[in-house]
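Colleague: Please find the sequence and the predicted model below.
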Amino acid sequence: MAKFNKKKDGDLPAVSTASLPDIVFMLLFFFMTVTTMKDSSLMVENTLPNASEIKKLEKKDRVIYIYVGKPTSQYQKVFGSEPKIQLNDKFASVSEIGDFILQERAKKPQELQNVLTTALKVDKEANMGLISDIKQELRKVNALKVNYTTYEGDAFRNLQ
Amino acid sequence: MADIAFLLLIFFLVTTTIETDAGLDRMLPPIEPPDTDVIIRQKNIFTVNINKNGQLLVEEQLMDLKDLREAAIAFLDNGADGSCAYCKGRRDESSSDNPTKAIISLKNDRETRYGTYITVQNELVGAYNDLRNREAQRLFGRDFTDMEAQYLNPETPSGIRDDLKEKVAKIQELFPQKLSEAETSSSTN
């Protein structure tokens, strides 16, 4: 019975690595799909209002974002619960908006500097007083094209 | 395994959409006042006031938000002086002369909620869009909002774009969007 050699104890068969590239690719694809390019993390609550007569904001390179809303719970201890403005990654006061817009505008290529849109992403619980101040600042730096970013939906849902 | 990976890849490719923001486009008025004072007759101005509780005062009368769009359309489409051939309004003498002269003036309190403000803006823009759609249907057989969206879409071929540009401009000329926003009042009452 020489044909049937008894296996020796402790001799484990090697794990097949043939499928490893596939697994790696799968992971790669997974992460590729779930990743979204985010410029700044939100530090304010940002439940946008609904509107039905909306236009799409094409061409992201022509948009400057301003976020307004209550600071999120982790920042509320430091910054309070009144709506605040977020520019890039930090809270800002109304007077800083003008400089921010000019800075952002200077970063863009020359031919786009006149066609920039300011997207106001404002929480629907915010007060208009702050928004009016922002609009006034925008007018001062001649950034007249604004877009009140909203979700698509029935506008009357905002009233609840 | 490779087949499964490809299957997953295709699945994600199909289901993911690159998110685009959307919203209400508005132009702010320039900060320097115009050189010449334009005299606007009171009847050509449609005043909308929002107070801090979100109530509407339209032309000095309390109005429900749901009726605003209709009231704005009636005002814009009025055409009292008879110079507007395409208007279908009642030609009420006490309301606007011509859509090109009609101005909607929006005022809000500092304590108005942003959500309410957007709803009002939405209804006013909706009033313009309804009228523009009506004229676009009459002249070109399709909706204005549809044409404008196609015109603004960067993927539209330039030949179609040029054609649309003219049509869009023509409709905008018929009903120019004159929505003025005064500085906010801070009345305490």
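Modeller: Great, that's in hand.
Colleague: A:S16 belongs to a helix, doesn't it?
Modeller: No. Read with DSSP: H, G, I helix; E, B strand; the rest coil, A:S16 is coil and lies in no helix.
Colleague: all strands for the chain, in order.
Modeller: Assuming you mean chain A. Along chain A, counting by DSSP state E, strands occupy A:50-51, A:55-56, A:63-69, A:84-87, A:90-92, A:117-122, A:145-152.
Colleague: Not quite, go with chain B.
Modeller: According to DSSP E, the strands that chain B contains are B:22-27, B:45-50, B:56-58, B:61-63, B:103-108, B:179-181.
Colleague: Check those strands for me and report the most buried one.
Modeller: Comparing these by mean neighbour count (mean count of other CB atoms under 10 Å in any protein chain shown), strand B:45-50 ranks first with a mean of 21. From N, CA and C alone the C-beta is placed, and that goes for glycine too.
Colleague: how about residue 144, what does it touch?
Modeller: Unless you meant another one, I'm taking chain A. By CB atoms under 8 Å, 6 or more residues apart in numbering or on different chains, the contact set of A:L144 is A:L138, B:M27, B:L28, B:P29, B:P30.
Colleague: sorry, should have said chain B
Modeller: B:N129, B:R132, B:N133, B:E135, B:A136, B:V168, B:I171.
Colleague: Could you tell me which of the residues you listed belong to helices?
Modeller: Counted as lying in helices by DSSP state H, out of those, are B:N129, B:R132, B:N133, B:E135, B:A136, B:V168, B:I171.
Colleague: got the contacts of A:L144 as TSV, with pLDDT and distance to A:Y75 columns?
Modeller: Formatted as TSV, those follow (pLDDT from 0 to 100; distance: CB to CB, whole Å):
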residue	pLDDT	distance to A:Y75
A:L138	88	25
B:M27	84	33
B:L28	83	29
B:P29	81	34
B:P30	80	36
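Colleague: Identify the spatial nearest neighbour of B:A74, chain neighbours not counted.
Modeller: B:G89 (6.2 Å; CB to CB, 6 or more residues apart in numbering or on different chains).
Colleague: hang on, the earlier thing: could you single out the nearest of the contacts of A:L144 to B:E155?
Modeller: Taking CB to CB as the measure, B:E155 lies nearest B:M27 of the contacts of A:L144, at 25.1 Å.
Colleague: Settle this for me: that closest one is touching A:A143, isn't it.
Modeller: No. In this structure, B:M27 is not within contact of A:A143 by CB atoms under 8 Å, at 10.7 Å.
Colleague: which residues of chain B score low on pLDDT?
Modeller: Along chain B, the parts satisfying pLDDT under 70 run over B:1-3, B:5-6, B:12-20, B:34-37, B:182-189.
Colleague: In it, what residue spans correspond to helices?
Modeller: Using DSSP H, helices in chain B cover B:2-15, B:68-76, B:114-140, B:144-152, B:158-174.
Colleague: Of all these, which one comes closest to A:V63?
Modeller: Nearest of those (CB to CB): helix B:144-152, 13.7 Å.
Colleague: how about the CA coordinates for the closest one, as CSV?
Modeller: The C-alpha trace of helix B:144-152 is given here as CSV (Å, rounded to 0.1, in the frame of the first residue of the first chain):
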residue,chain,number,x,y,z
PHE,B,144,-40.3,77.6,-21.0
THR,B,145,-38.7,75.9,-18.0
ASP,B,146,-38.0,72.9,-20.2
MET,B,147,-36.3,75.0,-22.8
GLU,B,148,-34.3,77.0,-20.3
ALA,B,149,-33.1,73.8,-18.6
GLN,B,150,-32.0,72.4,-21.9
TYR,B,151,-30.3,75.7,-22.8
LEU,B,152,-28.4,75.8,-19.5
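Colleague: list the buried ones in that helix?
Modeller: B:F144, B:T145, B:M147, B:E148, B:A149, B:Y151, B:L152 (16 or more other CB atoms under 10 Å in any protein chain shown).
Colleague: ok, now which ones touch the last one?
Modeller: Meaning B:L152. Here B:L152 is in contact with A:K55, A:K56, A:E58 (CB under 8 Å, 6+ apart).
Colleague: how far away is the second one from A:F30?
Modeller: Using CB to CB, to the nearest Å, one gets 28 Å for the distance from A:K56 to A:F30.
Colleague: buried sites along the longest helix seen in chain A?
Modeller: Ordering each helix of chain A by length in residues (DSSP H) puts helix A:20-34 first. Buried positions in helix A:20-34, judged by neighbour count with 16+ other CB under 10 Å: A:F25, A:M26, A:F29.
Colleague: That helix vs chain B: in contact?
Modeller: Yes. For helix A:20-34 and chain B, the contact criterion (CB under 8 Å from any CB of the partner chain) is met by A:D22, A:I23, A:F25, A:M26, A:F29, A:F30, A:M32, A:T33.
Colleague: Tell me, how many residues neighbour A:P109?
Modeller: 7 (other CB atoms under 10 Å in any protein chain shown).
Colleague: same check, this time on B:N53
Modeller: 10.
Colleague: just to revisit the earlier point, hang on, the residue nearest to B:A74 packs against B:D77?
Modeller: Yes. At 3.9 Å, B:G89 and B:D77 qualify as touching, with contact defined as CB under 8 Å.
Colleague: what about these two, which has more around it?
Modeller: More crowded of B:G89 and B:D77, by other CB under 10 Å: B:D77, with 23 against 18.
Colleague: give the contact list for that one.
Modeller: B:D77 sits in contact with B:C87, B:K88, B:G89, B:P99, B:L131, where contact means CB under 8 Å, 6+ apart.
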